[in-house]
Structure formats: structure tokens, C-alpha cells
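> Need a 3D model of the sequence below.
(3 chains)
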Amino acid sequence: MDNIAGQNSGGRVAVNITVLVLVLLWLLPTVGLFVSSFRDRDQISNSGWWLAPMAVDLNFRTRVATDGAREEGGVFVLEGNVFADPALAANFPDGAGVVAAYGTRAVAPTEFVAGEVSELRGGGNLVVNRDGSYRIEAPEALDRGPTLYFEARTPPKFTLANYQTVLFADGMDRAFINTLTVTIPATIIPILIAAFAAYALAWMDFPGRGLLIAAVVGLLVVPLQLALVPLLRLHTDIGIGQSFVGIWLAHTGFGLPLAVYLLRNYMAGLPRDIIESARVDGATDFQIFIRIILPLSFPALASFAIFQFLWTWNDLLVAKVFLPSGADTQVMTVKIADDLLGSRGGDWGILATAAFVSIAVPLAVFFTMQRYLVRGLLAGSVK
Amino acid sequence: MSPVLQGILTIIIGVGGCVGYFYGSNLLLDKVIFPARGANIGRNINRANQVRPWLFLFPAVFALGVYLAYPVVGSFYRSLFDRSGANFIGLGNYVDLFNEGTFRVAVFNNLLWVLVVPALATFFGLLIAQLTDRLRWGNIAKSLIFMPMAISFVGASLIWRFVYSANPDIGIINALRDAMGLAVLDPLQVQFWNNFFLMFILVWIQTGFAMVILSAALRGIPEETIEAAIIDGANPFQVFFKIKVPQIMGTIVVVWTTITILVLKVFDIVYTMTGGNFGTHILPSYMMTYMFRDDGRATAVAFVIMLLVLPVMIWNIRQARAEMR
Amino acid sequence: MKSKFYAGVAALALTAGAAQGQDLIIAPGTDGFNWESFDAFAAAHDFAGETLTITGPWTGADGQMVNNMLAYFAAATGADVRYSGSDSFEQDIVIAVQANSAPNLAVFPQPGLAADMAARGALAPLGAETAQWMVENYAAGQSWVDLGTYAGADGAAEMFGFFYKVDVKSLVWYSPEQFEEAGYDVPETLEDLIALSEQIVADGGTPWCIGLGSGAATGWPATDWVEDMMLRLHAPEVYDAWVSNELAFNSPEVVQAIEMYGQFVRSDGWAQGGPEASATTDFRDSPAGLFQIPPACYMHKQASFIPTFFPEGAEYGADYDFFYFPSSGAGDLGNPVLGAGTVFAITSDSPAARGLIEFFKTPIAHEVWMAQSGFLTPHTGVNLDVFSNESLRAMNEILLNATTFRFDASDLMPGEIGAGAFWTGMVDYTTQGDAQAAADAIQARWQAMR
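Now for the predicted structure:
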């Protein structure tokens, strides 16, 4: 335990190692996502992300065209280089590589060592050299070139295409602003409302207080799906309809139980004598709340702000129900789900990238808020 | 108007309106309705203090009532009707539920989740909060542990696909098994234990939550109490278990409760990872199979979930009462 | 008339450009397309100033294509057309209807859901005239009318749904190169297909790639297998009885079909990775085995949309091809084809909404999507030459050669069964192998509905 005076250095090392192990354990799955966000769908499906940074031996196919065939002393000769195939340009951008082995059938793509002469099905000889050049000799003109298979080492390949798709999609800037327009009020409004309510529930005496606390805990568990239809109908009836106001109210309502619950518990734990001495000094509840409770509750306010922000930021369901579906009100999660991923859902590379892009802002919020999770606000207050 | 300006304006109006209410209504109460001056000053102050809690509570109670209580009441009423919503069948939906095998499996699994996930997440959260408290790179460590919280559930299920996939070219567990020469197996199809593999995902996500709250609580502990204990010769473990843990017990209860309730709500993990197959249904995912199809059944499941929360509620009310005395 | 029209088109093309923010992808007048039908429609309809909202399941590239098609409607009528696609359409439309905020039209991927909506009174009937038109102008028109006819809120059956865009499901995808290298022939009958599978296993290969994984919808690819087997084992009437549950799900006919599917997925060495891996492999990843070197499998049964998920650069004809999932050589069941389609229904009536349904009766509304991709149509008045590629043409041929066309049963069954119990039942069967138990569970769930 690190914060003990006079501890030995062995303890400190143990703490450091334990934390390091835990962090690595927690990080490992996310690293997979991070690496995958730089790969395309085919790569993700074909090899593990842990192999991504390494050069791997892969099998390729190339179809030989018969255009360049020429006759040479009674045999037809076809020459070329397997790496020149434009279909393979993505893997061998400079049109060069090293062939380890080759074959003429997909079931045995590495039947022959590079440089070894093999017999062609249907007559003739074939050789593929290490540098990729091949030479086919056939007794008769080939009406169709053979398909060659070869094994070659490919360098690791990463792409920024996913990020390009996600970040520079048409209208993504608008969606980003829309998301902020939803999340910022939807974070601040419930905090304000909940802070006042939490103070009343923690420090003011009035009939029905216990019942209200119980109700708040009970409402924590209400599944969101139950509330969607009646609320949208209510919004339509009172004229809010699908709008930003509607979604703020919805997020406020759904976030309140947790906010009130967390804040009340924190505030109830504040030392009684500070508040009572303030009351004795003639401060009103409003003044006590603003001048004493609010500053002292910063850690709790900050932690709730982080969670509410996260929840509204990543929310897809509430946004789809309470916002109209046009491009001018689309938030990022909806944009990604409906415009980028496409029907039947899945481009793993885009999914990975979107997940990664969307944690950037919440992490920034976390870093900012973390400063308020400070120690010592109460130091000296309790004797 | 540019979208940025529009956004900023809406933010100002929304937040400003909220601040305005509290400030304005208090001003109104203190200066206009029950002014703390003149002949009735004493009576006015008393009256103002009787009204004020409700002034503070009003927006919260109103929003909770409209956005949560009203749908709950409506839903309970709905759960007494059949799928068309036209015929009253009393508790018929509940009776049918308890006769169904999958429902019983879901209840059993859910009990497992409720026991395991909050315990593990709180344990790891507390451990990390304590260990990183004075660590030089503590903030970085905390941010990294917190990261899963920030990833959407869809992203999270993709991440764990890279861990659990039965294909050794995609899932790291099977890649390791493959490398060690073991037969490939699908972790999500291992009966009973697959529930735990799914729970790990939620523990992985929620540890960050527990850590943030508990770390704030740990920092709220007055230094004097700890210093006094150290002077008395307490060792680090004694300081932790005898001084710190009792002082943040209230917060531990809060964290435990919140995660328990979350367990009763999160359907996404089971839904996206296994779709409830291989005996992994839990109540929220089971409810989703009825949601928007047979609202009577779906709402009945929702009320069973709310019943499960009763013990937690009662525990919390007791805790709150104890604090107030 | 004609001069009036051209002036109109010019003006409308301008307004449409402004409203849609996109151009018509095929210039009016391009050869092969039926522009007379477009001109006539434009002359007869004017919805300038009206807004038409549509929601549907097409997102991403598909969403772009539907917008491209709707741009012609906007150009012809001056209406402001707003399509929004949603990945969770089934859920969104239910919420929207219940909250009284439904769009003008909804595009249902499953007739079962549309029937549900009709029963709640959420859909407006299309009228006898449209039904009559469809009988006359769609291949097997009456069956399409029947699929779009549901009981309304008052219990009376009327036509509510207009089918537009069809998919063929009875397809097997393979690599012609691999077949040639191994000396395999495309099988003509189901018996040949089974013999070929056995041959591949004997040669040391794996005949099939099967993947049932699809998140919450895991299991649906298996339902297509069972449906195709039903059509190959029993008469279409048995299939219809099964869909309506007149024939119980756990009756011997159905169990036989499930076991027939089981022969492909559960026989030793037939499916890549075995049944356990098949049950969880994502359906989007499962065809990848066809393209590996050496091939991980030789055949993959999936609907016409699957090339979207083939590796980048895979070419029709060279890298992959498909054949009709063959019918049995014995018996007299002909060539049944399993398919699916999307159905347009009016969820909030307006003249423009009616106008769009009218637009779908014109050949041009079909041709502009045929010229893009992924679109098949039973409309008999279209010019098949406008298909953008050979594979679509070939698929349409399968559709035309069908002696029986049946709609995807799981899309017709109630949601709890077709998009629930049937899926999970097939996953259970795939991993555990007890067809009777799986069928019993599904039937029990069906009976528990009320």
C-alpha cells in the first residue's frame, strides 16, 4: 500500500507490478480493437490481430494471360512475373517479392520449391523462380493461361482507409456537432436538477423523505424500452415531437435516478457540523447548497458527469426514437450505424474504427474531470 | 445560422433555463412570497423552509414521475393483457412465464450474474483505486482501466469476438490453444461456464465505474484518521481494512447497488454475443425476445426484474435510515 | 403534350436536384430504358410542395441505391422525398406507429411484420385496382397479391403491401476454378449434390462452409436451409400449411427437412470446422473459405446478397459463380425456388404516398434499380437488358425457371417464431443434433402464443 509513510521499497515494486499486470490484462482486448481499426475486413477475418505487425507467409493466386506467348524452336513460351499481377498490387505495391514455393493446384499451392521445374497439366513445363519470374513451355499454343499459386512473404500491411471513411464521411462534422448538442445539455441538466434534489433528500427534513429515496432506487431498474413508446406519444401530444428538447428531457429523465442516488449518498456523507454551523450563522439552505455543498461535492458531481456523458455519447436507442431521422439531426452513433455500416451490419474494420474514434472524446472528458476527483477538500474539517 | 452557433445557442438556452429556475424560484420564495422581513419574519422563514424542499425536489420528482413512474404504471397495466392488448388475462402472462423452461434458465443465470458481476467489479475497482491512489502513473493506469467504460456495447462485443471466437485466426484464446496443440473449442458453447465468460465482459467494463467512484471516496477520507492509525503502528493492511474500508462502506454499497441494477438491465452483451443460445439467456435479453412483439409478455418480464430488485431497495433504505440517525 | 412535358422535366429536374441534392444516375433518354412510362407518369402526377417520408431497412450502399431510384419519382412529381434507412427498422417502425409518428410509407423486409401492423390498423389498404394490376403485370402475380394481403383492424382481408425488390435464396456459391481443378461438375439434382459432397470428403476436402452467427439473429441462415429442404421434400401445399402452423412444427415432414439440413451440417467432415463452429461462425465471414488457398470449402449456400461480403476484388465468373440449389431428381416437385422480398405499405396516407405506389407500376421504377445492383423483379414489363451484370441476369433466370416460388417461411411466421424460436431451435439442433426436440420446442412456443 503506497500511501503509508515509511514503507519499504519492496512494497512499492509489488504495487507497481500488480497495477501493471492489471492494466495489461484490461488493455489486451482493446489493443486488438486498436490494431484491427487499421486493417480491412478481409485481413481481420483471415489472420489474428496479434500477427498484424509481422511479416507472414501467405498463398496467392495469379492467372497467367496468354497474350505474350511466342514460339521458340517448336515450343510455345510464355514468360512474365507473378508479382506484376495488378490484382496483387495491394500486397506487393512495388511489384516485387520473394517466392518460396509454387504450385498449379489450389489444394497444393506449395507443391514445388521456387526454381524447380515442374510439369504442366496438359503437357509442357513450368518454372517459377524466387524473384517471381516464370517461364512456361508448352508443345502447343495455350488457349487459356494456367492459374499459378505461390507462397510469398508479405510485409505487414496497415491502412488508414477506415479512419478516412469514418472521420471524413459526408456530414460527419454535422453529426459530431449534433452529438455535442445532445450530450452537453443532457449531461448538465440532470446534474443540476439531481444536485438540488439530492441535497433536499440528504439534509432537509420533510415528510415522505424515506419513501422518495426508496422510489429513486426502485426507478433505477426501470428498463428503458418500457418507457420509449409512451414517452414518444406524450412528446407528440404536447407538441415537442421529435426534437432536441425532447431528447434532452428524455436523457434527463433516464439519467436522474442514478444521479440523485449517487449524489444523495455522497452528500449524506458530508460532515454534519459544517452544515449545522452554517445554519447557526444564519445561512439559508440555498446559500448552504451553493457555497458549501456544491464545492464539497465536486468529486461526486464529476464522476456522475463522466458517466452521464458517456451514456449519452454512446447512446443509439434514445437518439433514434427521440430525434427525427434527417441528416440535420443525425448524431454520430446513428450516422455510423445507418450510413457507414450498411445493411446487414458488418464491416469489422469500420466497426473497430468507429468504436475507437468514439472513445476519444469521452476519454478527454474523463481526463478533464479527473482533476476534480481531488483529495483533501475535506481535510481539516473533521477534528 | 451555422450549426455550431445553433448548437451553442441551444445549449445555453437549455442549461440557462435550468439554472434560472432554481435561482429565480428561490429568489421568489425568499423575497416575494415569504419575505424574511417585516412583521411576520419568523413565521415567514419557517414557511419558506417548509416549502423549500419541494422547490428543490420539484424538477427531479416531476421528471422521474413523467419519464419513469408513468411508463412503469402503464406497463404494469399492459402486462395484464394478452399480446393484442385487447383481452384482459389477469396474471396469465406471469403464469405462462414461470411455466417456460427458457425463463427459468434466464432467472437462474440472472441470479449468477447478480452475485458474480457486482462482487468482482467492486473488488477489482477497489483494488485498483487503492493501488493507484498515490502511484506516480496512477492517472494513466486509471484512464486505461476506465477505457472499456467509454466503448459502446457494440464495440465491446466486437472486442470480445477477438478474444472468444472459435476461429483460431480471429480469437486469441483459440489461437493460444492451437499453438499449444489443444483442440479448438468455442468458449461460448461450453455449457454453464459460458455464462461466466459473458460476465467477464461486463466486469471488464464496470470495473472502471467502480474504480472512479471508489477512488473519489478514498480521496474523501480525512488524512488525519490515517495518520493517527499509522502513528499507532497499524500496518498497511490494517489501515486499509480497519480504517479506510469502514469509512467508505456507504460508497461501496452504492457501487454494488448500481452495478447490481445495471446487471438487471443490460441485455446487449448476451444479445450480441450469443443471442441467448447455448443456455446463456438472462432476464433482460429474454425480455428483448418479446419486446415490440408481445408487449404483454415483455412487460411481465420487466416486472419480474423489478421484483428481483426489491431486496436491494430494502437494503438501501435501511442504509439511508442508519445514516440519518 | 410532349412539349409541355419536356418543359416540365427540365423544371422538375432542377427542383429535384435542389431537394435531393443528387443527380439522376441514368440520364433520361438513355437507350434500353422505358422512358415513355416515366414521361407518362410525370405528365399525370404533380406533388410539388408535398413531402413524402419513407423508412426502410436499407442503409449504406443499399440506402444510396433506393435514394437514386426515388430521385426519379421526385423528378417526375416535384415531391420532396425523404428516405431514411435504419439498421433496427423492425423495432423503429413499431415504436413510430405506436407513438403516432409514422412516416408516409414503410418498407417491410418481412411480410409477417407488415401483417402485424395491418392488424393494428396502422396500414392503409391499396385497393382492388392495384391488386388487379399486380395479377396482370407481375410474374405469378396472384401469389404476390396474396403475400401482400392481410387482415385489417376490422378483420377484413385487403391488399396492404406492394412487393418491390425480390431476392432469390436457393443459391449455392462456388469457385468455378476449384471445381475445374478438382474435376467436379455442377450438380443437376439434389442426389448429385449429396454425391458431390461425399466425393469431396473422399478426396480429402471439405464441401461446405456454413455460418449461422449473426449476433441476436444467430441461426437465421439455417432456417433458409430447412425451408429449401421443405420445398424439395414436400409439395408446396405442405410448405404453406407449415407456415400457417396447420401442419405442426414438430410433425414428421418438418423433422425430416431439419434432418436433411443436418446431413449437410452435421455429417463428419461436411462442414468446415464441424457443427459447433458452424453454429457461431458469423454468416458474413463464412463464405471466406471459398477463396482461401488451399480452399477451406467448395460450396456455400446463401441468398443473392452475399457477394457484398466476398473478399475485395473477387470477380463474378472468375473467382466465384453460383448454381441453383438443385431439386430432387426423383418425384415430381419441379424446380422450387425460395425467395424473399421487401414490401412497401402506406403507414400514413397522402396523395404522394399513393403516387409512389403508382410509380412502382411503371417499368422505369424497376429498371433504374436493375441497372444498379442487387435488384430482381417479378415485373414482366421491364427490359432485362438493363441489368448491370450477368449474375443478376442469371439469377432472374432462376426466378423465371421456377416451377414453384415460395416466400421465406421464417419471414411469414409470427415474429416470436420466425425471428426467435426458429432461429434458436436451429442453433440447438446444429450443435446437439436432436431434430425432434428442437421442433417440439418451437411448436411449444407457437402454442404458447395468444
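> where does residue 222 land in three-state SS?
Going with chain A. Here A:Val222 is coil, with the state taken from DSSP: H, G, I helix; E, B strand; the rest coil.
> actually chain C
C:Ala222 - assigned by three-state DSSP - is helix.
> and if you look at C:His300?
strand.
> wait, what's in contact with it?
C:172-174, C:208-210, C:286-287, C:289-290, C:306 (C-beta atoms under 8 Å, 6 or more residues apart in numbering or on different chains). Backbone N, C-alpha and C define where each C-beta goes, glycine included.
> Now with 6 Å, please.
C:173, C:209, C:287, C:290 (C-beta atoms under 6 Å, 6 or more residues apart in numbering or on different chains).
> Identify the bridge partners of it.
Beta-bridge pairing for C:His300 (DSSP bridges): C:Trp173.
> Distance check, it against C:Val172.
7 Å (C-beta to C-beta, to the nearest Å).
> Most neighbours of all the contacts of C:His300, which one?
C:Cys209 (26 neighbours; other C-beta atoms under 10 Å in any protein chain shown).
> tell me the pLDDT at that residue?
We note a pLDDT of 95 for C:Cys209 in this prediction.
> from what I can see it touches C:Tyr298, true?
No - in this structure, C:Cys209 is not within contact of C:Tyr298 by C-beta atoms under 6 Å, at 8.5 Å.
> need the strands for the stretch 351-450 of chain C, in chain order.
C:404-407 (DSSP state E, counting those that start in this stretch).
> low-scoring stretches of it, by residue?
Residues of the stretch 351-450 of chain C meeting the criterion pLDDT under 70: C:450.
> can you list the residues of it near chain B?
C:415-416, C:420, C:424, C:427, C:450 (C-beta under 6 Å from any C-beta of the partner chain).
> What is the burial count for C:Pro176?
By other C-beta under 10 Å, neighbour count at C:Pro176 equals 16.
> what pLDDT does the closest residue to chain A within the stretch 1-150 of chain C get?
Closest approach between the stretch 1-150 of chain C and chain A, counting by C-beta to the nearest C-beta: C:Gly60, at 2.4 Å. According to the prediction, C:Gly60 has pLDDT 83.
> residue contacts, A:Met369?
A:302, A:305-306.
> name the helices or strands packed onto the strand ranked longest in chain C?
Looking across chain C with DSSP state E, the single longest strand is strand C:336-346. Where contact means 3 or more C-beta pairs under 6 Å, 6 or more residues apart in numbering or on different chains; DSSP states H and E, strand C:336-346 is packed against strand C:105-108, helix C:111-119, strand C:162-168, helix C:220-233, strand C:404-407.
> Of these, flag the one that's most buried.
strand C:105-108 (a mean of 27; mean count of other C-beta atoms under 10 Å in any protein chain shown).
> strand partners of that strand, parallel vs antiparallel please.
Per DSSP bridges, strand C:105-108 is paired in its sheet with strand C:51-56 (parallel), strand C:336-346 (antiparallel).
> coming back round to it: among the contacts of A:Met369, which one sits closest to chain B?
A:Ile306 (6.5 Å).
> on that earlier part again, now the longest strand of chain C: average pLDDT?
Rounded mean pLDDT across strand C:336-346 is 93.
> ok, back up a step: go through the strands paired with strand C:105-108 and pick out the most buried.
Of the strands paired with strand C:105-108, strand C:336-346 is the most buried (mean count of other C-beta under 10 Å), at a mean of 24.
> Save the helices and strands packed on strand C:336-346 as TSV, and put in distance to A:Ala161 too.
Shown next, in TSV, are the helices and strands packed on strand C:336-346 (distance: least, C-beta to C-beta, whole Å):
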stretch	distance to A:Ala161
strand C:105-108	31
helix C:111-119	36
strand C:162-168	29
helix C:220-233	29
strand C:404-407	38
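> Quick one, which of these gets closest to B:Met287.
helix C:111-119 (18.8 Å; C-beta to C-beta).
> Which elements pack onto the closest one?
Partner elements for helix C:111-119 (3+ C-beta pairs under 6 Å, 6+ apart): strand C:149-151, strand C:336-346, helix C:409-412.
> Select, out of these, the one closest to B:Ile314.
helix C:409-412 (44.8 Å).
> Give me every residue in chain B lying close to chain C.
So chain B meets chain C at B:82, B:166, B:186, B:189, B:271-272, B:275, B:277, B:289, B:292-293 (C-beta under 6 Å from any C-beta).
> Just name the closest of those residues to B:Leu115, please.
Among the residues of chain B next to chain C, and counting by C-beta to C-beta, the member closest to B:Leu115 is B:Tyr271, at 21.2 Å.
> where does chain C have low pLDDT?
C:1-22, C:450.
> That one - how does it break down into domains?
C:2-160+C:339-402, C:171-335+C:407-448 (automatic domain parsing).
> Off-centre distance for the last one?
In terms of C-alpha atoms, centre = their mean, to the nearest Å, the centre of domain C:171-335+C:407-448 is set 16 Å apart from its chain centre.
> still on that earlier bit, most neighbours out of the residues of the stretch 351-450 of chain C next to chain B, which is it?
Busiest of those [other C-beta under 10 Å] is C:Val427, holding 25 neighbours.
> re the thing from before, let me know which of the domains of chain C is the nearest to A:Leu78.
Taking the domains of chain C one by one with C-beta to C-beta, domain C:171-335+C:407-448 is closest: 18.5 Å.
> Quote the end-to-end distance of the closest one.
Using C-alpha to C-alpha, to the nearest Å, the end-to-end distance of domain C:171-335+C:407-448 comes out at 35 Å.
> residue boundaries of the strands in chain B?
Under DSSP E, chain B gives no strands.
> domains for it, by residue range?
B:3-78, B:93-324.
> Just name the most buried of those domains.
It is domain B:93-324: most buried of the domains of chain B by mean count of other C-beta under 10 Å, with a mean of 20.
> hmm, back to that, can you pick out the most distant pair from the residues of chain B next to chain C?
B:Asp82 and B:Ala166 (40.6 Å).
> what helix or strand is the closest residue to chain B within the stretch 51-200 of chain C on?
Closest residue of the stretch 51-200 of chain C to chain B, C-beta to the nearest C-beta: C:Val94 (4.4 Å). Using DSSP states H and E, C:Val94 sits within helix C:89-98.
> Tell me if that helix is near chain A.
Yes - counting by C-beta under 6 Å from any C-beta, chain A is contacted by helix C:89-98 at C:95, C:98.
> That helix: which residues count as buried?
C:89-98 (16 or more other C-beta atoms under 10 Å in any protein chain shown).
> okay, stretch B:151-161 in PDB with CA atoms only?
In PDB, the C-alpha atoms belonging to stretch B:151-161 read as follows (Å, rounded to 0.1, in the frame of the first residue of the first chain):
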ATOM      1  CA  ILE B 151     -16.600   1.900 -25.600                       C
ATOM      2  CA  SER B 152     -20.100   1.300 -26.800                       C
ATOM      3  CA  PHE B 153     -21.500  -2.100 -26.200                       C
ATOM      4  CA  VAL B 154     -21.400  -2.900 -29.900                       C
ATOM      5  CA  GLY B 155     -17.700  -2.000 -29.900                       C
ATOM      6  CA  ALA B 156     -17.200  -4.100 -26.800                       C
ATOM      7  CA  SER B 157     -18.800  -7.200 -28.300                       C
ATOM      8  CA  LEU B 158     -16.500  -6.800 -31.300                       C
ATOM      9  CA  ILE B 159     -13.500  -6.600 -29.000                       C
ATOM     10  CA  TRP B 160     -14.500  -9.800 -27.200                       C
ATOM     11  CA  ARG B 161     -15.100 -11.500 -30.500                       C
END
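> what's that stretch in contact with?
A:29, A:33, A:314, A:351, A:355, A:359, B:201, B:268, B:272-273.
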